[in-house]
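> Provided below for reference: sequence and predicted model.
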Amino acid sequence: MFSFNDAMPFISSKRLQARVLSTIICAILIVLRPFSKFGGSSAFLALTIKELVFSAQGNLPQQIEATVLHLSGGLLAIAVSAVANSLASLRDPSSPTARFIPALFLALITFSAGWIKSRLPRLTLASRIACFVSIWLLTYDVGERQNVKTRSHNFLWMLLVAACSSLFPSMLLLRWSSTQFASDLAVAFSKLNQALSACVSQTSSEDVPTIHADLLRISMALNSVYQQASFELRIGRVSVKSLKPLIGLVEHLRRALSMKMLLPAAVYDAEKNETKETFYKTATELTNAILKAMKTVEATILGCFDKGLSPPLRTEKADLLATHGRLTNCIVAARHELRKICDDSDAQPPSQKPVNLPVDILELCSCMISLLQIAHEMQHALNITGDIIDTYNQSALRLWYPHFSLAWLGVAPSTILVDEDGSFLDEEISDVGTTSLSTQEVIQGIAEHASPTAAKRPKLVGKLMSAAWWRSLVYILWNHPRVLTFRLALSRAFRAINHSPHLRHAFKNAAGVTILAIPAFLSPGSQGRKWFTTCYGQWMLISYVWVLETNTGATWRVAYLRLSGTITGAIYAYVASVICRSNPYGLVVLVAFAELPISWVIIKTSFFSLGTVASITLPPILFTAYFNSNADSTWEIALLRMALISAGIVAALLTNSIFFPRHCRVMFLNSACRTLGLASQLYISMSRDLFHHHQIPPIIYKRETYILERSIRKSLHRMSLLLRTMDDELSLVPKPMRRYRHLHDILRQLSDLLTSLRKVREHIPRKYTVTAVARQRREMVSSICVSLFAAEQVFRARRPLPQFLPSCRTAVSSLGNVIHAQIQSSIDKGGEPLGMALVYAFAEMNALTELVETIDELLDVTRQLFGTSSWLGQTLLETTWTMSIQDELPSAV
């Protein structure tokens, strides 16, 4: 139950205090008539603008960035709208030209703003405030000459009041440094510490899955949080870029801790021999050193970034060096024990040697190898944090600011991601359909028209100026190399324009606003023009702009939250207006009082839009009677505003659901298809390096695998974001959300296994596990690639999976048997000692077994989602019926 103790941290938070103080200042400036007269009869819109784009953020750098960008967007809109109104005022107010010019400028502004919002996420709110200002200036008293300068001056006053009333409290109360990325990174190391402790204790607590789920969520989000942090204003001693290498370390540690081979139960058997006892003691000491290193890294990050204004860290440097030395000694001891047990095994007489080490000893060795990998990663982390401490102690406080570039504009700030959760701004997959030619088709088409020799080059035929001569001339010119280059470039440009999601969103933004604004541009005496003017139809257009998102799921989520916020705000505004009427003191007090629950909804809950819309609904209802004594009754104003805003919300929903719909389900399946394709490429690259190890330069192989693994992580992160809002999409046919989540988990496990397999293969004995078993290796690689390719094509075409595919399990089993025989033969003949390589060979077979199980699970989920194309068995009739149902279902559902 919510108690006073729970409320105290929220009440004492600086952001809440800044929000309340800014609301009070803005409300006071609005009710001061000698000052608010510069804002005209709509001066209360300053409070609305403040909440929409200038509300207090988490720290001062974010507030300064929001102020500069959003104020620039508003000022640019005022300037362009003033030009449009000035041009229109040169014509007769009753002429069509005087109304056409503002309509044209409004369409152009909203189209440009829609493209900017979709293409440059950092300018999302700047583009929206530009639409807000332009809608009011271009649809109010269209064609009237005397209102051009007055209305522009009024909105200039509103923008400045809204920006300054939020900026000054933020400078007094908010902290001067942005540490979100550092805090998230510290939390990640804390979760890693908890996960490793759970593995060591072999606990069966219900908190263990929660820890791994939290760790996975944090690790997936670190890249996006880093992008936001690297492009934000910040005051501190150390650059955020110094923490970037830790992102990959966190992911590597998470994958190592998620593997089943870590710390098997054999360690905890009641009957332990001397070897097991020594192993257990060494593993425990190494684990404790790793846990201490994780705590040290966490404390160092918080000390250098969360407390960036504190004096140099001398004690922390000494503690870090001591921790590094302890970890190094434990690594040396663990290697010694691991090498000793492997050497002892090789020293046994051939007649007493098994084909392999005992299973429990091999599991212990695998456990120790996993711990050593984690320890090496932590050594690297300690080295990085040591350099960070040195830089921190040697540097002075400075302002870190981003360079103005497309990369900076292309990254959404944390304020946008929080306010518009689910609007996937980093769209990577174009909606290119199957009608486009593939790269190979284009190459073959060029080859058919190429002329390698002069004898085969096309020549002019027929008489001069005849039909045959003209045809041959056109053919030669059309297939000329320069013309062909221009054709290819033009084709790429047309395809990019035709399938651009940014242009589609811009079109929907401009078309919706223009259609809804048609009554404003009718002749002055028409009923539609009178209705739009008296009812302030601008709120309908503004609501449309704020609800329209780049995909249907985000639009539905924002729509019902804003509709709920509108109703809540209208009810409170009506009650408050009945209480205080036109009393300026009462207006300020009640607006400030409403800020408390609204701020709690915005700061502490996941439905932020509800609080924002409730806040912007108050001023038009509360302050209308104060500025216009002849206005309608309060309840009529409240109902009218609520109806207009609801109409804009419904229009946005219909537009995004009918015109160029981008359903989260379709985007999710496209992302799954892309992830499978990347995983297939990664496995092929690993297999190519396995067979041609000395022919591929290591730097090229490492760069290729790094790019593929990073792309897979980004695609999986995008899939997790899509899952959050897929439930918000309206669909007559229920979606199999449980299967989709299971699919995401399988792809995540597949990615982890491929990375672990790549690391294990760096140490396997290639003579016995690759060269001598090349045929079995080839069969296994082919079966795995065929299975991944089949699943990828099923997700691409949305068609049933073939009933029978090559068995990956049989191929892996055959490979294991042959490797088993090769190692046995080497031992019997007294060959060279295998040592630790034997443990890595065992670890590779375990990893391949888990990989095969994951692929089988993937194929099973694929069959559940898309069916099976059967030709043998009793399920033929059922499968045929399923396929017929799939053919009848609409593709957009």
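Now that the structure is in, tell me what you want to look at. Numbers count the residues shown, from 1 in each chain.

> Confirm L464 sits in a helix?
No - assessed with DSSP: H, G, I helix; E, B strand; the rest coil, L464 is coil; it does not lie in a helix.

> So which residues of the protein form strands?
Counting by DSSP state E, the chain has strands at residues 234-236, 398-400, 801-802, 868-869.

> Could you list the buried residues of the second one?
By that I understand strand 398-400. Neighbour counts over strand 398-400 (16 or more other C-beta atoms under 10 Å) mark W400 as buried. Heads up, the C-betas are built off the backbone N, CA and C, glycines and all.

> List the neighbouring strands of that strand plus their orientation.
Strand 398-400 pairs in its sheet with strand 234-236 (antiparallel), by DSSP bridges.

> what about the partner strand, average pLDDT?
Across strand 234-236, pLDDT averages out at 76.

> before we move on, what about stretch 61-79?
Here the average pLDDT along stretch 61-79 is 89.

> Quick one: residues in contact with it.
49, 53-54, 56-57, 109, 122-123, 125-134, 137, 152, 155-156, 159, 163, 166-167, 170, 174, 176-178, 232-235, 413-415 (C-beta atoms under 8 Å, 6 or more residues apart in numbering).

> follow-up on the earlier one: hey, which of the strands of the chain is tucked in deepest?
strand 234-236 (a mean of 22; mean count of other C-beta atoms under 10 Å).

> Point me to the residue sitting farthest from the middle of this protein.
K463 (63.9 Å; C-alpha atoms, centre = their mean).

> Quick check: phi and psi on that residue?
The phi and psi values for K463, taken as degrees, to the nearest 10, are phi -70, psi 160.

> How much space separates it from S472?
Remark: distance between K463 and S472 (C-beta to C-beta, to the nearest Å) = 11 Å.

> Where does the prediction get shaky in the stretch 751-893 of the chain?
Regions of the stretch 751-893 of the chain meeting the criterion pLDDT under 70 cover residues 827-828, 830-835, 873-893.

> mind redoing it with 90?
752-753, 755-778, 796-809, 811-850, 865-893 (pLDDT under 90).

> can you give me the helices in it?
766-769, 774-797, 808-828, 836-866, 876-888 (DSSP state H, counting those that start in this stretch).

> List the buried residues for the fourth one?
Think helix 836-866. 836-848, 850-852, 854-855, 857-859, 861-863, 865-866.

> now do the second one
Buried residues in helix 774-797, defined by neighbour count with 16+ other C-beta under 10 Å: 776-777, 779-781, 783-785, 787-788, 790-792, 794-796.

> circling back to that earlier point, turn the helices of the stretch 751-893 of the chain into a markdown table, including distance to P584.
Shown next, in a markdown table, are the helices of the stretch 751-893 of the chain (distance: least, C-beta to C-beta, whole Å):
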| stretch | distance to P584 |
| --- | --- |
| helix 766-769 | 83 |
| helix 774-797 | 62 |
| helix 808-828 | 76 |
| helix 836-866 | 62 |
| helix 876-888 | 64 |
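
> how many neighbours does H70 have?
25 (other C-beta atoms under 10 Å).

> now it: how far from L257?
As judged by C-beta to C-beta, H70 and L257 stand 43 Å apart.

> just E298 next, same as before
Look at E298 and L257: by C-beta to C-beta, they are 16 Å apart.

> what do you get for H744?
Applying C-beta to C-beta to H744 and L257 gives a distance of 19 Å.

> Likewise for L120?
Taking C-beta to C-beta, one finds L120 at 38 Å from L257.

> same deal with P661?
Per C-beta to C-beta, P661 is found 41 Å from L257.

> Which one of these two is surrounded by more residues?
When neighbours are counted by other C-beta under 10 Å, P661 and L257 differ, and L257 comes out ahead with 21 against 15.

> From what I see, that one and C199 are in contact.
Yes - contact criterion C-beta atoms under 8 Å: L257 and C199 qualify, at 6.4 Å.

> can you list contacts of stretch 208-220?
184, 187-188, 191-192, 194-195, 198, 250-251, 254, 257-258, 713, 716-717, 720, 748.

> repeat that for 6 Å
Here stretch 208-220 makes contact (C-beta atoms under 6 Å, 6 or more residues apart in numbering) with A188, K191, Q194, A195, A198, V250, E251, R254, H717.

> Would you indicate which residues of that stretch are buried?
Neighbour-count burial for stretch 208-220 flags V208, I211, H212, D214, L215, L216, I218, S219, M220 (criterion: 16+ other C-beta under 10 Å).

> same check, this time on stretch 99-112
R99, I101, P102, A103, L104, F105, L106, A107, I109, T110, F111, S112.

> could you dump these to CSV with distance to A496 and pLDDT?
What follows is the buried residues of stretch 99-112, written out as CSV (distance: C-beta to C-beta, whole Å; pLDDT from 0 to 100):
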residue, distance to A496, pLDDT
R99, 35, 87
I101, 32, 91
P102, 32, 91
A103, 29, 92
L104, 26, 93
F105, 27, 94
L106, 27, 94
A107, 23, 94
I109, 24, 94
T110, 22, 94
F111, 17, 94
S112, 18, 93
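
> what's near enough to touch the residue nearest to the spatial centre of the chain?
Central residue of the chain (C-alpha atoms, centre = their mean): R718, 5.1 Å from the mean position. Residues in contact with R718 (C-beta under 6 Å, 6+ apart) are S671.

> how far away is it from L743?
14 Å.

> Looks like I855 contacts C785 (just checking).
No - with contact defined as C-beta atoms under 6 Å, I855 does not count as touching C785 (10.5 Å).

> Give the buried residues for stretch 76-95.
The neighbour-count check on stretch 76-95 (16+ other C-beta under 10 Å) flags L76, A77, I78, V80, S81, A82, A84, N85, L87, A88, S89, R91 as buried.

> Same question for stretch 538-548.
By 16+ other C-beta under 10 Å, the buried positions in stretch 538-548 come out as Q538, W539, M540, L541, I542, S543, Y544, V545, W546, V547, L548.

> and of those, the nearest to P597?
The shortest approach to P597 among the buried residues of stretch 538-548 belongs to W546, at 21.0 Å (C-beta to C-beta).

> Now the closest one. Nearest residue, chain neighbours left out?
Spatially, and ignoring its direct neighbours in sequence, W546 is nearest to R128 (6.4 Å; C-beta to C-beta, 6 or more residues apart in numbering).

> now do L754
L682 (5.5 Å).

> What number of residues are in the vicinity of the one you found?
24.

> how close does it sit to F691?
16 Å.

> By mean pLDDT, point me to the weakest helix or strand of this structure.
For the chain, counting by mean pLDDT, DSSP states H and E, helix 876-888 ranks last in confidence among helices and strands (a mean of 43).

> quick one: contacts for S869?
For S869, the contacting residues are P800, P802, by C-beta under 6 Å, 6+ apart.

> Who does it form a beta bridge with?
Bridge pairing for S869 - DSSP bridges - gives P802.

> quick one: which of the buried residues of stretch 76-95 is nearest R33?
So of the buried residues of stretch 76-95, ranked by how close each gets to R33 (C-beta to C-beta), first place is I78, at 23.5 Å.
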